[in-house]
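S.K.: what's the 3D shape of this:
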Amino acid sequence: MCRLLRSYKRSQSADLAHCVGSWQPLSYIDLMFPSIWTKAPAARITITAALLSIASLTSGCESGPIEICDDELDNEGDGAIDCADSDCVPSSNCPDQDSDGFAPLEAGGLDCDDQNAAVHPAAVELCDGIDNDCYQGVDEDAEDATTWYGDYDYDGYGGTDFIERSCSPVQGHVTNVDDCDDYNDRVHPGAEELCDELDNNCNGEVDEGADDRTWYGDADGDGFGTTQFTYQGCSAPDGYVENADDCNDLSALVYPGAPPSCDAADSDCDGLDDPGGGDDDGDGQTECEGDCNDAEPTVHGLDSDGDGLASCDGDCDDSNPLAARLDDDRDCDGVTSAQDCDDLNSAIGDCTHCAGTYQVGSGGTTADLISLSSCLSVGGNLEIGTSALGHLDELGQLTSITGDLIIYGNPNLSDISGLSQLSTVGGNLMIWDNPSLCQSSVVGLQNSLSIGGLSHSAANGPC
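M.R.: Reported below is the predicted structural model:
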């Protein structure tokens, strides 16, 4: 009745409450169509009663301005104009073919599909490939959209840092939020628990059941364990090691690689006993008896030649009592100690015959003669000139010089008695300009020598 009256008011712009004059009795049809009303004073009471009856029927209708559906104005002030206002739908201007209460867009309404009653502005957006609410496209913010959780570490389990709602799968997202660390692909439900101080399987416990490492008891503390006592866990408790290679865990002297023990035990765990009298190289001595190399028969701790030294002590030829003796040839270079300049170094041999030419020059001292102190002979020339020497005692063993002996310009040289053992100079003897040297001692030297060349002395000092 309200809609019928409102429709009438829109088309007639009339107010029944202000109708006055003389009226005749009217039927219900007459009231609905005033154009056929006739004035008749006697009918006032009848019309008044009819109006009161209509007022009673429309007492629940809204009051205030009425929306006019074709004036392009918001008459009611509710933000909806003409066919966009539900009061105008349906009407001649505002059709509603799917009877969903909304006029189509082409009529100025809000219904984006007037052939589908499930599509209109008041509909709920669903994941069905349709723009149900006629707002912002298909399936946007759908009520039944799936919640997707970012799987940053791509382990198949999502976290709460990246969340999206969508009707279709989202790249890098999953439908579960079960990952307790979405930045580590070794951490997720169902992962193998490892000894890494992490809750790998996301059950709230760390390293539980991670018994992939076995530790072995090391009772003797030698770093090697046995299978007698084991422990499963992530770290070794005190007294446990990571190997089970010990063949006797009651002796710290027995372990893989241990030296022989000389007690007939398998000290190195090689499966063979260490024989106390075993002689591996057949040289007559075992390691327990002092053989320092039981793989080499020429090296042992026996003094075969009776020279007081064994090969393990450095005797290079234990079959020759003259070799490697302290007073003979200790470095086995073939030169006896008396002739060897360094009898502990086989690289340095006979220095009694000093080959080559020797020269002590300007400013030379006795230190420069030390290298000749053990020489019995010099294979070349010996020249001592302009030195600071005062004597030649360091040459006390020298007996022969193959080349020349030249002594000159030594201002401090006063004593040449150090050449008292010299008997032969194969070349020339030249002694001059030594102002502190007594000429008579020079002459005495000249007379004692066998000189193969010239002999000359001059400008030496007085006696």
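
S.K.: can you give me the helices in the stretch 51-200 of the chain?
M.R.: With DSSP state H, counting those that start in this stretch as the criterion, the stretch 51-200 of the chain has no helices.

S.K.: Which stretches in it count as strands?
M.R.: 146-150, 163-166, 173-174 (DSSP state E, counting those that start in this stretch).

S.K.: what's the shortest one packed up against?
M.R.: Packing partners of strand 173-174 (3 or more Cβ pairs under 8 Å, 6 or more residues apart in numbering; DSSP states H and E): strand 146-150. (C-beta placed from N, C-alpha, C; glycine too.)

S.K.: ok so, going back, which one of the strands of the stretch 51-200 of the chain lies closest to residue 407?
M.R.: strand 146-150 (101.6 Å; Cβ to Cβ).

S.K.: what helices or strands is that closest one leaning on?
M.R.: strand 163-166, strand 173-174.

S.K.: list the buried ones in that strand?
M.R.: For strand 146-150, a neighbour-count test (16 or more other Cβ atoms under 10 Å) marks 148-150 as buried.

S.K.: How about stretch 79-97?
M.R.: For stretch 79-97, by 16+ other Cβ under 10 Å, it's 80-89, 91, 93-96.

S.K.: and among the helices and strands packed on strand 146-150, the most buried is which?
M.R.: strand 173-174 (a mean of 18; mean count of other Cβ atoms under 10 Å).

S.K.: need the next SSE after that one, C-terminal direction.
M.R.: Note on strand 173-174: by DSSP states H and E, the next helix or strand toward the C-terminus is strand 214-217.

S.K.: and stretch 256-265, average pLDDT?
M.R.: Averaged over stretch 256-265, pLDDT sits at 75.

S.K.: Likewise for stretch 139-154?
M.R.: For stretch 139-154, the mean per-residue pLDDT is 94.

S.K.: isn't residue 166 right up against residue 149?
M.R.: No. Contact criterion Cβ atoms under 8 Å: residue 166 and residue 149 do not qualify, at 11.6 Å.

S.K.: returning to that earlier point: could you dump the strands of the stretch 51-200 of the chain into TSV with distance to residue 124 added?
M.R.: As requested, the strands of the stretch 51-200 of the chain are exported to TSV (distance: least, Cβ to Cβ, whole Å):
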stretch	distance to residue 124
strand 146-150	16
strand 163-166	15
strand 173-174	24
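
S.K.: out of those strands, nearest to residue 435?
M.R.: The minimum distance between residue 435 and the strands of the stretch 51-200 of the chain falls on strand 146-150, with 106.4 Å, by Cβ to Cβ.

S.K.: Residue nearest the middle of this structure, spatially speaking?
M.R.: Closest to where the C-alpha atoms of the chain average out (Cα atoms, centre = their mean) is residue 196, at 15.8 Å.

S.K.: Report whether the expected contact of that residue with residue 212 is present.
M.R.: No. Between residue 196 and residue 212 there is no contact under Cβ under 8 Å: 11.1 Å.

S.K.: ranges for the helices of the stretch 301-450 of the chain?
M.R.: 439-448.

S.K.: so where's it uncertain?
M.R.: For the stretch 301-450 of the chain, the stretches flagged by pLDDT under 70 are 322-351.

S.K.: now do the stretch 1-150 of the chain
M.R.: 1-64, 67, 70-72, 82, 84, 89.

S.K.: What strands line up against whichever strand in the chain runs longest, and which way round?
M.R.: In the chain, taking DSSP state E as the definition, the longest strand is strand 226-232. Applying DSSP bridges, strand 226-232 is found paired with strand 214-217 (antiparallel).

S.K.: Any chance of the backbone angles for residue 289?
M.R.: In this entry, residue 289 is assigned phi and psi values of phi -90, psi 0 (degrees, to the nearest 10).

S.K.: before we move on, what about residue 250?
M.R.: Torsion angles, degrees, to the nearest 10, at residue 250: phi -110, psi 0.

S.K.: Check the gap between it and residue 433 for me.
M.R.: 87 Å (Cβ to Cβ, to the nearest Å).

S.K.: out of those two, which sits in the busier spot?
M.R.: residue 433 (17 against 9; other Cβ atoms under 10 Å).

S.K.: any idea what sits nearest that one, other than its immediate chain neighbours?
M.R.: Spatially, and ignoring its direct neighbours in sequence, residue 433 is nearest to residue 459 (4.5 Å; Cβ to Cβ, 6 or more residues apart in numbering).

S.K.: neighbours of the one you found, just the number please.
M.R.: 13.

S.K.: got it, and residue 159?
M.R.: Around residue 159 there are 21 residues (other Cβ under 10 Å).

S.K.: Please tell me I have it right and the residue nearest to residue 433 contacts residue 430.
M.R.: No. If you go by Cβ under 8 Å, residue 459 and residue 430 don't touch, sitting 11.5 Å apart.

S.K.: Residue 284 and residue 295: what is the separation?
M.R.: In terms of Cβ to Cβ, residue 284 sits 14 Å off from residue 295.

S.K.: any idea what the residue nearest to residue 296 when sequence neighbours are not counted is structurally, helix, strand or coil?
M.R.: Spatial nearest neighbour of residue 296, excluding adjacent residues (Cβ to Cβ, 6+ apart): residue 281 at 5.9 Å. Three-state assignment for residue 281 (DSSP: H, G, I helix; E, B strand; the rest coil): coil.

S.K.: And the strands of the stretch 51-200 of the chain: which comes nearest residue 105?
M.R.: Closest among the strands of the stretch 51-200 of the chain, using Cβ to Cβ: strand 163-166, at 27.0 Å.

S.K.: Pairing partners for the closest one, with directions?
M.R.: strand 146-150 (antiparallel).

S.K.: How far away from the center of its chain is the partner strand?
M.R.: 35 Å (Cα atoms, centre = their mean, to the nearest Å).

S.K.: next one: stretch 78-91
M.R.: 72 Å.

S.K.: Just the endpoints, please. Distance across that stretch?
M.R.: Using Cα to Cα, to the nearest Å, one end of stretch 78-91 lies 19 Å from the other.

S.K.: Need the pLDDT of residue 287.
M.R.: Confidence at residue 287, expressed as pLDDT, is 78.

S.K.: Against residue 113, how distant is the closest residue to it other than its chain neighbours?
M.R.: Take residue 287 and drop its neighbours on the chain: the residue closest to it by Cβ to Cβ, 6+ apart is residue 294, 4.8 Å away. In this view, residue 294 and residue 113 are 103 Å apart by Cβ to Cβ.

S.K.: ditto for residue 387
M.R.: 126 Å.

S.K.: Ok, residue 398 next?
M.R.: Residue 398 is 131 Å from residue 113, by Cβ to Cβ.

S.K.: what do you get for residue 77?
M.R.: 29 Å.

S.K.: Would you mind telling me which of those two has the busier surroundings?
M.R.: Between residue 77 and residue 113, counting by other Cβ under 10 Å, residue 113 is the more crowded of the two (19 against 10).

S.K.: I figured that one was touching residue 119, is that so?
M.R.: Yes. Counting by Cβ under 8 Å, residue 113 touches residue 119, with 4.0 Å between them.

S.K.: shared neighbours of the two, anything?
M.R.: By the contact definition Cβ atoms under 8 Å, 6 or more residues apart in numbering, residue 113 and residue 119 are jointly contacted by 98, 130-131, 134.
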